[in-house]
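1. What shape does this take:
(one chain, ligands or ions: 1)
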Amino acid sequence: MSELAIIGGTGLTDLAGLEITHRQILHTPYGETSSPIIQGRYAGKSIVFLARHGARHTIPPHKVNYRANIWCLKELGVQTVIAIAAVGGIHPSLQPQDLVIPHQLIDYTGSREHTFFAEERNPVTHIDFTQPYCESLRERLLAAAQQVSFKIHSQGVYGATQGPRLETAAEIERMARDGCDIVGMTGMPEAALARELNLCYATCAVVSNPAAGRSPKPITMTEIEANLNEGIEHVRQLLVKVIQL
Ligand code: HPA
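-> Sure thing, here's the model as predicted:
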């Protein structure tokens, strides 16, 4: 069984170049995963792939069964998870299609099933989440980033919003004051659930648009999709290098 899983986000519901060897629908104590679990070979290594928003991209961020997805990967023996996520760019240095490997996050989500430890337990469990991303995996991603021809932002604070609506300009202003560099809707509770199950988890974010109020134009799905189509090509190139490291 492969130790590495990739969770594909918006723009990455399938992984071109993945030779699929096995496809399984798995039931978990938390319900069904977003999509069948795909096992296959990518860049010469065996990996697991899961489409976060469903195989046909139908599940909105607040409806993703994050617990089933993460539980299932753990159950299959996965140890390392690379999460791909579309984000809006808040920091002025970020351009659409840029890649960012965030080092911190702030959670603005609410009313999501966000923990495996919701019930009474003895002892009550509080995970350490000081560093929300697995540093060794971030370092591996950054080492891979040295081998590609495009620039990757080596850190950033990811603000996770509830969605599915995009933010107001004032909300983005507040997030910028809080220290957020990028904004997305799927980073939490995914990262915390991975930590609860001791998975080594890191995110590769693709900037699909300037965040609300960061450009004079309204944000459109056409713009988001066009930038993701381009940006995802860079994600694929990075993944090939990461997998080979
Ligand atoms: N806000 C929140 N989530 C997003 C955005 C955004 O601007 N772009 C892509 N995902």
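
2. only C-alpha atoms for contact and neighbour calcs from this point on.
-> OK.

3. Tell me where the longest helix sits in this protein.
-> When the chain is parsed with DSSP state H, its longest helix is helix 221-244.

4. tell me the mean pLDDT for that one?
-> For helix 221-244, mean pLDDT rounds to 94.

5. Now do it: which elements does it pack against?
-> strand 99-100, helix 135-145, strand 200-210 (3 or more CA pairs under 8 Å, 6 or more residues apart in numbering; DSSP states H and E).

6. what angle do that helix and strand 200-210 make?
-> Relative orientation of helix 221-244 versus strand 200-210 (axes from the mean of the first three to the mean of the last three CA atoms, to 10 degrees): 150 degrees.

7. Of all the residues in helix 221-244, which ones are buried?
-> For helix 221-244, burial by neighbour count (16 or more other CA atoms under 10 Å) applies to 224-225, 227-228, 230-232, 234-235, 237-243.

8. Kindly report the same for stretch 167-183.
-> Using 16+ other CA under 10 Å as the test for burial, stretch 167-183 gives E167, I172, E173, M175, A176, G179, C180, D181, I182, V183.

9. Just those residues: which are in strands?
-> I182, V183 (DSSP state E).

10. Between which two of the buried residues of stretch 167-183 is the distance greatest?
-> Taking CA to CA, the two most distant members of the buried residues of stretch 167-183 are E167 and G179; they sit 15.9 Å apart.

11. I47 belongs to a strand?
-> Yes: I47 forms part of a strand when assessed by DSSP: H, G, I helix; E, B strand; the rest coil.

12. what about it, how many neighbours?
-> Here the number of neighbours of I47 (other CA atoms under 10 Å) works out to 22.

13. Measure how the longest helix of the chain sits relative to helix 135-145, angle-wise.
-> Using the same axes, to 10 degrees: helix 221-244 against helix 135-145 is 100 degrees.

14. any bit of helix 221-244 sitting next to the ligand?
-> No: for helix 221-244, no contact with the ligand is found by CA under 6 Å from any ligand atom; the gap never falls below 6.9 Å.

15. Just the C-alpha atoms of that helix, please, in CSV.
-> Extracted C-alpha coordinates of helix 221-244, given in CSV (Å, rounded to 0.1, in the frame of the first residue of the first chain):
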residue,chain,number,x,y,z
MET,A,221,-15.9,31.3,-12.0
THR,A,222,-14.6,31.7,-15.5
GLU,A,223,-11.6,33.6,-14.2
ILE,A,224,-11.1,31.0,-11.4
GLU,A,225,-11.3,28.0,-13.8
ALA,A,226,-9.0,29.6,-16.4
ASN,A,227,-6.3,30.3,-13.8
LEU,A,228,-6.7,26.8,-12.3
ASN,A,229,-6.3,25.1,-15.7
GLU,A,230,-3.0,26.9,-16.1
GLY,A,231,-1.8,26.6,-12.4
ILE,A,232,-2.6,23.0,-12.1
GLU,A,233,0.0,22.2,-14.8
HIS,A,234,2.6,23.6,-12.4
VAL,A,235,1.1,21.5,-9.5
ARG,A,236,1.5,18.4,-11.6
GLN,A,237,5.1,19.2,-12.4
LEU,A,238,5.8,19.8,-8.7
LEU,A,239,4.1,16.6,-7.7
VAL,A,240,6.2,14.6,-10.1
LYS,A,241,9.3,16.0,-8.4
VAL,A,242,8.0,15.5,-4.9
ILE,A,243,7.1,11.9,-5.5
GLN,A,244,10.6,11.2,-6.8
